[in-house]
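A.B. asks: Provided below for reference: sequence and predicted model.
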Amino acid sequence: MELVLSAISAGGLVGAANQYLCLLIFAIISKIGWVTLTPKMQFMESWWFISIVALFWILTVAPAYLATLAPGVLNAVNTFINFLSGFLVPVSAAFISLASVGVLTGMHPELEQLLETLQLFNLEGSLARNGWLMAGTSALFASSVGGIKFATKPLVGAVSGTSGYLAAPTNATFENSSSVVLMTLAYLLSKVNPWLLVALGVLVFILAVAALTFALYQLWKLKKGIGKVLRWAQTNPRAGMAVFAEFLMWGTGWLIWEKWGRGVVMSGAWLVWTLIFFSLVGLTGVTVPFVAPPIIVVAVLIFLAVGLSSARSLMRYLEAQLEVIL
């Protein structure tokens with residue numbers, strides 16, 4: 001049972017990450033001899049398979065980052081490619097789950113007899129019933145996590161302000177980072193105990209559900225906050241303008257309400273962020289161009305997070321001062 005559940009969990013991790021990078025990592029570590037795949041799945045370590053997967057990975061990553069330069073057409077291309085890739089998530093999950101059986105038995109020889117009992121493949125090399133069940137369950141798990149991730153993306157974009165040209169590179173950065181982290185954890189945990197891989201799969205699913213719940217909650221709070229600022233713009237223009245200005249240029253809202261200490265500190269932080277942002281973008285854009293988009297994404301996310309936090313703090317302060325009844 002632990003072998004089956006561990007293999008299913010390994011494939012299910014694909015749903016939370018970039019499926020092509022997961023396959024690429026899996027294939028490369030097998031190619032260099034770090035792990036041994038299930039015999040029938042050893043085609044994954046061949047150069048033709050690695051080349052195809054690498055090509056697919058580039059096709060999904062390149063439009064996402066280039067969308068920061070030409071958001072119109074490339075955003076549409078990126079959306080279309082990711083839409084088509086969604087149909088391949090079950091296949092990628094099935095590949096990794098079936099291949100990981102060999103990896104697990106290589107790490108834990110006591111499970112070798114169980115592998116023979118399972119009979120995942122027929123004598124002619126096609127999938128047997130147990131093989132279909134394992135691959136199908138893993139595909140279902142990955143599709144569920146991937147579906148939750150797909151539903152969460154627009155909500156996170158709306159909350160963080162990255163629903164425009166920053167949405168594609170933000171999602172690509174997250175998915176590629178997740179691929180490296182999850183595949184590394186899967187390898188390390190499998191060496192210790194296969195049940196830890198099952199625990200990782202369960203944790204990933206719980207985190208995906210939690211992320212969706214949190215995104216919905218934050219979207220509700222953001223909608224509520226925007227409505228409040230709009231009401232203030234009509235009833236107390238000074239308060240509404242201060243909150244809006246605080247989000248765009250930290251410290252200005254506090255200065256408008258003569259909170260000099262916090263206003264000066266936040267204004268200084270905004271100035272430092274601006275100098276660092278343009279320095280890093282200029283440096284990376286000239287020396288290592290492909291590094292610039294991720295840095296832009298991270299820097300803008302920091303800007304939005306600090307701006308929202310400071311604006312919310314100002315709103316709470318003004319509520320107390322103005323005795324606003326929501």
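C.D. replies: Happy to help now that I have it. Residues are numbered from 1 along each chain as shown.
A.B. asks: okay, CA-based contacts and neighbour counts for the rest of this
C.D. replies: Noted.
A.B. asks: list the helices and strands the helix or strand containing G146 packs on?
C.D. replies: Assigned by DSSP states H and E, G146 falls within helix 129-160. Counting by 3 or more Cα pairs under 8 Å, 6 or more residues apart in numbering; DSSP states H and E, the packing neighbours recorded for helix 129-160 are helix 2-12, helix 89-107, helix 194-235, helix 292-322.
A.B. asks: tell me the angle the next helix-or-strand element following it makes with helix 129-160.
C.D. replies: Reading on from helix 129-160 to the C-terminus, the next helix or strand found by DSSP H and E is helix 167-192. Orientation check (axes from the mean of the first three to the mean of the last three Cα atoms, to 10 degrees): helix 167-192 against helix 129-160 gives 140 degrees.
A.B. asks: going by neighbour count, list what's buried in helix 167-192.
C.D. replies: 167-173, 175-176, 178-180, 182-183, 186-187, 189-191 (16 or more other Cα atoms under 10 Å).
A.B. asks: the residue nearest the centre of the chain: what's it in contact with?
C.D. replies: In the chain, the residue lying closest to the centroid (Cα atoms, centre = their mean) is F174, at 3.3 Å. The contact partners of F174, taken as Cα atoms under 8 Å, 6 or more residues apart in numbering, are A17.
A.B. asks: one more: the one 3 residues further on?
C.D. replies: The neighbours of S177, taking Cα under 8 Å, 6+ apart as the test, are A17.
A.B. asks: distance check, it against W57.
C.D. replies: Distance, S177 to W57, using Cα to Cα, to the nearest Å: 13 Å.
A.B. asks: just Y217 next, same as before
C.D. replies: As judged by Cα to Cα, Y217 and W57 stand 33 Å apart.
A.B. asks: more neighbours: which of these two?
C.D. replies: The neighbour count for Y217 versus W57, taken as other Cα atoms under 10 Å, is higher for W57 (19 against 14).
A.B. asks: nearest residue to that one in space, please, no chain neighbours.
C.D. replies: Of all residues not flanking W57 in the chain, Y20 sits nearest, at 5.2 Å (Cα to Cα, 6 or more residues apart in numbering).
A.B. asks: the one you found: neighbour count?
C.D. replies: If you count neighbours by other Cα under 10 Å, Y20 ends up with 25.
A.B. asks: double-check it against S51; I have them as touching.
C.D. replies: No - when contacts are counted by Cα atoms under 8 Å, Y20 is not listed as touching S51 (11.0 Å).
A.B. asks: which of the helices and strands packed on helix 129-160 sits most buried?
C.D. replies: The highest mean neighbour count among those, using mean count of other Cα atoms under 10 Å, belongs to helix 2-12: a mean of 27.
A.B. asks: quick one: contacts for W232?
C.D. replies: 239-240.
A.B. asks: do you know how far it is from S92?
C.D. replies: 51 Å.
A.B. asks: then G240?
C.D. replies: From G240 across to S92, the span is 50 Å (Cα to Cα).
A.B. asks: and what of F150?
C.D. replies: 17 Å.
A.B. asks: try V192
C.D. replies: Counting by Cα to Cα, the gap from V192 to S92 is 25 Å.
A.B. asks: if we can go back for a sec, looking at the helices and strands packed on helix 129-160, which is nearest to F141?
C.D. replies: helix 2-12 (5.1 Å; Cα to Cα).
A.B. asks: packing partners for the very next helix or strand once past that closest one?
C.D. replies: Moving toward the C-terminus from helix 2-12, the next helix or strand (DSSP H and E) is helix 19-31. Contacts defined by 3+ Cα pairs under 8 Å, 6+ apart place helix 19-31 against helix 47-66, helix 89-107, helix 167-192.
A.B. asks: alpha carbons only: can I get helix 19-31 in CSV?
C.D. replies: Below are the C-alpha coordinates for helix 19-31, written out as CSV (Å, rounded to 0.1, in the frame of the first residue of the first chain):
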residue,chain,number,x,y,z
GLN,A,19,4.4,19.7,-15.3
TYR,A,20,7.1,19.9,-17.9
LEU,A,21,9.8,21.0,-15.5
CYS,A,22,8.8,18.2,-13.1
LEU,A,23,9.2,15.7,-15.9
LEU,A,24,12.5,17.3,-17.0
ILE,A,25,13.9,17.1,-13.5
PHE,A,26,12.7,13.5,-13.1
ALA,A,27,14.2,12.5,-16.4
ILE,A,28,17.6,14.3,-15.9
ILE,A,29,18.2,12.8,-12.4
SER,A,30,17.5,9.4,-13.9
LYS,A,31,19.8,10.1,-16.9
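A.B. asks: tell me the buried residues in that helix?
C.D. replies: 19-28, 30-31.
A.B. asks: so can I have CSV of these showing distance to T252 and pLDDT?
C.D. replies: Below are the buried residues of helix 19-31 laid out as CSV (distance: Cα to Cα, whole Å; pLDDT from 0 to 100):
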residue, distance to T252, pLDDT
Q19, 44, 90
Y20, 45, 92
L21, 44, 93
C22, 45, 92
L23, 48, 93
L24, 48, 94
I25, 47, 93
F26, 50, 90
A27, 53, 92
I28, 52, 92
S30, 55, 91
K31, 56, 90
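A.B. asks: ok, so of those, who is nearest F141?
C.D. replies: Q19 (13.4 Å).
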